[in-house]
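J.: All I have is the shape, not the residue letters:
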C-alpha cells in the first residue's frame, strides 16, 4: 500500500474535494465490509480520505520568510535626545538577538567587565556604575521585540565628572557583547 493518501484513493495531487469524495465512494463499494470487502483495506481508505480532505482544505502555508543573517548585536541609528541636564538617553540603542532573559544574562557578564551592578530587576532593568569608558551611571531597559530584545540606554554623570557621550557608551556595550 502507498504512503501517499492521494495514491491510495487513485487521485492526482490536483484533485478536488468532490473528486476525493467520489473516489472514496467508489472504493467503499468495493472494499466496505458490509459489501463483503476487506475491513483493513477500508480503514486504510478512510485514513487516506481524511488526510486528502485535510490537505485540500488547509490554507496554503505562508511563504518561507527569508531572514538575512545579522550580527548578534546591532547598533541603532537613532540620535540620542537629552532629557535632563547631565543625562543622556538613547532609545532604542541596540538590539540583542535573544529573548530578554538571555539578553539580561549577557548584559550581566559584560557589566562585570565594565563596572558593577547597582540595581538589577531581571530581565528588564539593569542599573550599572560603569568605570569604562569613564565613570558614569548607566541604566539599561530591555524590551522584548519579536524574538530579540531592544535595549535603551540612559547615561548620567557621577561625582560631578561629566558623563561620557551616550553613543560611546553604547558602542562599548555593543563591542563587549559581540565578544561573548
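T.: Nice, thanks for sending it over. Note that the structure is a prediction, hence the values are computed from the model and not measured.

J.: Could you pull out the helices in this protein for me?
T.: Using DSSP state H, the helices found in the chain span residues 5-8, 17-31, 39-57, 100-114, 166-179.

J.: Nearest to residue 160, out of these?
T.: Closest to residue 160 of these is helix 166-179 (Cβ to Cβ; 18.2 Å). Every C-beta, even on glycine, is put in place using the N, C-alpha and C of the backbone.

J.: Who are the packing partners of the closest one?
T.: Judged by 3 or more Cβ pairs under 8 Å, 6 or more residues apart in numbering; DSSP states H and E, the packing partners of helix 166-179 are strand 73-75, strand 87-96, helix 100-114, strand 136-145, strand 148-156.

J.: What are the buried residues along that helix?
T.: 166-167, 169-170, 172-174, 176-177 (16 or more other Cβ atoms under 10 Å).

J.: Kindly reformat these as JSON lines containing pLDDT and distance to residue 120.
T.: Listed next are the buried residues of helix 166-179 as JSON lines, based on pLDDT from 0 to 100; distance: Cβ to Cβ, whole Å:
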{"residue": "166", "pLDDT": "89", "distance to residue 120": "21"}
{"residue": "167", "pLDDT": "90", "distance to residue 120": "24"}
{"residue": "169", "pLDDT": "91", "distance to residue 120": "18"}
{"residue": "170", "pLDDT": "92", "distance to residue 120": "19"}
{"residue": "172", "pLDDT": "92", "distance to residue 120": "19"}
{"residue": "173", "pLDDT": "91", "distance to residue 120": "16"}
{"residue": "174", "pLDDT": "91", "distance to residue 120": "20"}
{"residue": "176", "pLDDT": "90", "distance to residue 120": "17"}
{"residue": "177", "pLDDT": "90", "distance to residue 120": "17"}
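
J.: from those residues, which is closest to residue 45?
T.: Closest approach to residue 45 among the buried residues of helix 166-179 (Cβ to Cβ): residue 177, at 58.3 Å.

J.: My guess is residue 32 contacts residue 41. True?
T.: No: using Cβ atoms under 8 Å, residue 32 is not in contact with residue 41; the gap is 9.4 Å.
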